[in-house]
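Colleague: What follows is a predicted structure for the sequence shown.
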Amino acid sequence: MKQVDILIQNGTVVTMNENLSCYSPGAVAVCGDIIVEAGAEESVLDRFEGKKVIDAHGGIIMPGLINAHTHAAMTCFRGLADDLPLMTWLNEHIFPAESTLSSEMVYSGTLLACAEMILSGTTTFCDMYLFEDSVAKAARRAGMRALVGEVLYDFPSPNYGPIEKGFDYTAMLIDKWKDDPLVSIAVEPHSTYLCSPDLLQKAQQLCVKHDVPLVIHLAETAQEVSRIRKEYGLTPVGHLADLHILGPHLIADHCVALTHEDKTLLREFDVKVVHNPESNMKLASGIAPIPELIDNGVTVGIGTDGCASNNNLDLLGEMDCAAKLHKVNLFDPTVMDARTVVKMATIEGARVLGMDAITGSLVAGKKADLIIIDIRKPHLTPMYNVYSHLVYAVKSNDVSTAIINGRIVMEERALKTLDAEETMAAVNRIA
């Protein structure tokens with residue numbers, strides 16, 4: 001019998017592997033930062049014994065959730081300017097508030113975001129914001145897996161100043177974090193409406209040079225589409241195609257206002273899309289055609305967006321919203337079924353971020369990123385279908401334990417890498 005570092009038993013294992021295999025009872029064996037086995041409990045326990053054994057108490061053992069689009073440090077601005085249109089919200093409130101940011105403020109805000117995400121089952125996130133070296137440091141301290149990148153736009157940044165320095169800063173991030181086991185870097189121009197064609201092409205060249213993803217807000221509103229059509233005679237998606245930027249490396253956040261031609265381009269160029277339903281609802285941006293994109297073979301993940309436009313980082317709540325929003329929008333209860341939505345929050349999210357070889361499913365050889373959900377609750381009794389439970393019944397505070405890269409970052413609702421009281425106090429001082 002082989003000894004492993006962590007053995008999780010007595011639960012329903014939801015692997016999210018190619019066959020979507022589930023095992024009840026099931027068990028997971030972890031050695032170092034790697035999953036060595038995930039399967040039927042009897043088989044796993046016959047082969048492995050754990051230095052540490054975790055009893056899932058009949059709960060759900062599954063891959064950690066992947067928040068594919070957020071602005072973590074915007075926890076500092078949670079509730080700052082609600083119930084406003086996107087452009088008013090950005091130009092009159094968010095951008096002025098962000099002009100006062102410092103690296104210390106971003107670090108504190110990101111630590112709070114990491115605490116919130118871990119407590120609600122997220123183990124990996126993709127971030128676009130300012131002072132991203134501080135975001136990376138905070139994610140590393142929290143023990144979270146993260147893809148991060150400094151936001152680039154035409155006007156001066158409170159971090160790096162003119163855009164030329166922005167590319168230098170991004171190159172520095174790529175070099176500094178290239179060998180980190182948890183933090184990866186992306187090139188992240190804000191949008192087609194805040195970035196000139198020259199900026200976008202330079203961003204493309206940088207990501208190609210270093211073989212990293214390019215992340216952008218794309219076609220978030222009809223107003224954005226109208227503006228880009230007026231300036232360039234093309235939709236935002238068509239504009240990126242014209243600049244030769246579309247490709248499998250591109251992560252397009254939102255994709256709400258799409259034409260038929262846009263959808264075809266996204267599929268043909270294998271662009272990855274991130275759905276942010278609660279933010280799109282709150283800002284009245286519209287409803288992204290996600291069921292159609294998925295049916296057409298586009299890879300789609302799910303994100304919360306930032307706390308100033310959501311106003312939380314609860315991906316389980318986002319999953320519930322995503323499923324129900326499209327059912328009522330299309331008057332079809334069969335669209336966005338629970339299994340599809342769980343895939344978006346796990347293995348499809350990993351594919352969006354280019355991390356599917358290491359995370360997103362419980363498969364031997366992948367990194368040990370997983371969570372346990374305690375179902376010993378009235379609202380989780382009984383359980384007929386585990387996917388339905390995860391989307392329509394499970395709440396963020398049902399997540400009991402989280403393991404990232406083989407490290408226990410939360411156990412029985414107790415954070416192991418962060419002091420929640422301390423992180424809240426730090427952000428309250430900023431507010």
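Modeller: Cool, got the structure.

Colleague: Mind listing residues that contact stretch 328-343?
Modeller: Stretch 328-343 is contacted from outside by 14, 16, 20, 287, 290-291, 294, 302, 319, 322-323, 325-327, 385, 387-388, 390-392, using CB atoms under 8 Å, 6 or more residues apart in numbering. Placement of C-beta: from N, CA and C, glycine included.

Colleague: of these, buried ones?
Modeller: 14, 16, 287, 290-291, 294, 302, 319, 322-323, 325-327, 387-388, 390-391 (16 or more other CB atoms under 10 Å).

Colleague: Show me the contacts of stretch 328-343 that map onto helices.
Modeller: 290-291, 294, 319, 322-323, 325-327, 387-388, 390-392 (DSSP state H).

Colleague: from the chain's centre, how far out does stretch 114-134 sit?
Modeller: Centroid separation for stretch 114-134 versus its chain: 8 Å, with CA atoms, centre = their mean, to the nearest Å.

Colleague: What are the buried residues along that stretch?
Modeller: Across stretch 114-134, burial judged by 16+ other CB under 10 Å covers 114-134.

Colleague: before we move on, what about stretch 294-307?
Modeller: 294, 298-307.

Colleague: Would you convert those into TSV that also reports distance to Q3 and pLDDT?
Modeller: Converted to TSV, the buried residues of stretch 294-307 look like this (distance: CB to CB, whole Å; pLDDT from 0 to 100):
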residue	distance to Q3	pLDDT
I294	42	98
V298	44	98
T299	38	98
V300	40	98
G301	36	98
I302	37	98
G303	39	98
T304	39	98
D305	43	98
G306	43	96
C307	42	94
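
Colleague: Including distance to P25, could these go into a markdown table?
Modeller: Below are the buried residues of stretch 294-307 laid out as a markdown table (distance: CB to CB, whole Å):
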| residue | distance to P25 |
| --- | --- |
| I294 | 32 |
| V298 | 36 |
| T299 | 32 |
| V300 | 32 |
| G301 | 30 |
| I302 | 29 |
| G303 | 33 |
| T304 | 32 |
| D305 | 37 |
| G306 | 39 |
| C307 | 38 |
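
Colleague: of the residues you listed, closest to K165?
Modeller: Here the nearest of those to K165, counting by CB to CB, is G306; it sits at 23.7 Å.

Colleague: Report the contact partners of the closest one.
Modeller: 70-72, 74, 77, 129, 279.

Colleague: mind running it again at 10 Å?
Modeller: Contacts for G306 (CB atoms under 10 Å, 6 or more residues apart in numbering) come out as 69-78, 94, 109, 113, 127-129, 276, 279, 313.

Colleague: Next: H69.
Modeller: H69 touches 125-128, 215, 217, 251-254, 273-276, 279, 301-306, 349, 352-353, counting by CB under 10 Å, 6+ apart.

Colleague: Which of these fall within helices?
Modeller: 279, 349, 352.

Colleague: tell me which of those residues is nearest to S191?
Modeller: So of those, ranked by how close each gets to S191 (CB to CB), first place is S279, at 14.2 Å.

Colleague: how many other residues sit next to that closest one?
Modeller: Other residues within reach of S279, judged by other CB atoms under 10 Å, total 25.

Colleague: At which residues are the helices of the stretch 151-300 of the chain located?
Modeller: For the stretch 151-300 of the chain, the helices defined by DSSP state H, counting those that start in this stretch cover 163-177, 197-210, 222-232, 236-242, 260-268, 277-282, 290-295.

Colleague: helix, strand or coil for K51?
Modeller: Going by DSSP: H, G, I helix; E, B strand; the rest coil, the secondary structure assigned to K51 is strand.

Colleague: My read is that it contacts I6, right?
Modeller: Yes: using CB atoms under 10 Å, K51 is in contact with I6, at 7.4 Å.

Colleague: and for the two, which residues touch both?
Modeller: Common neighbours of K51 and I6 (CB under 10 Å, 6+ apart) are C31.

Colleague: For these two, indicate the residue with more neighbours.
Modeller: Per other CB under 10 Å, whichever of K51 and I6 has more neighbours is I6, with 22 against 10.

Colleague: OK, contacts around that one?
Modeller: Taking CB under 10 Å, 6+ apart as the test, what I6 contacts is 28-32, 35, 48, 50-54, 368, 370, 403, 406-408.

Colleague: what does S43 give?
Modeller: 23, 26-27, 37 are the contacts of S43 under CB under 10 Å, 6+ apart.

Colleague: Next, it: phi, psi?
Modeller: phi -70, psi -40 (degrees, to the nearest 10).

Colleague: Need the per-residue pLDDT for it.
Modeller: S43 carries a pLDDT score of 97 in this model.

Colleague: Please tell me how far I408 sits from G64.
Modeller: Distance from I408 to G64, counting by CB to CB, to the nearest Å: 12 Å.

Colleague: any residues in contact with both of those two?
Modeller: When contacts are counted by CB under 10 Å, 6+ apart, I408 and G64 are jointly contacted by 368, 402.
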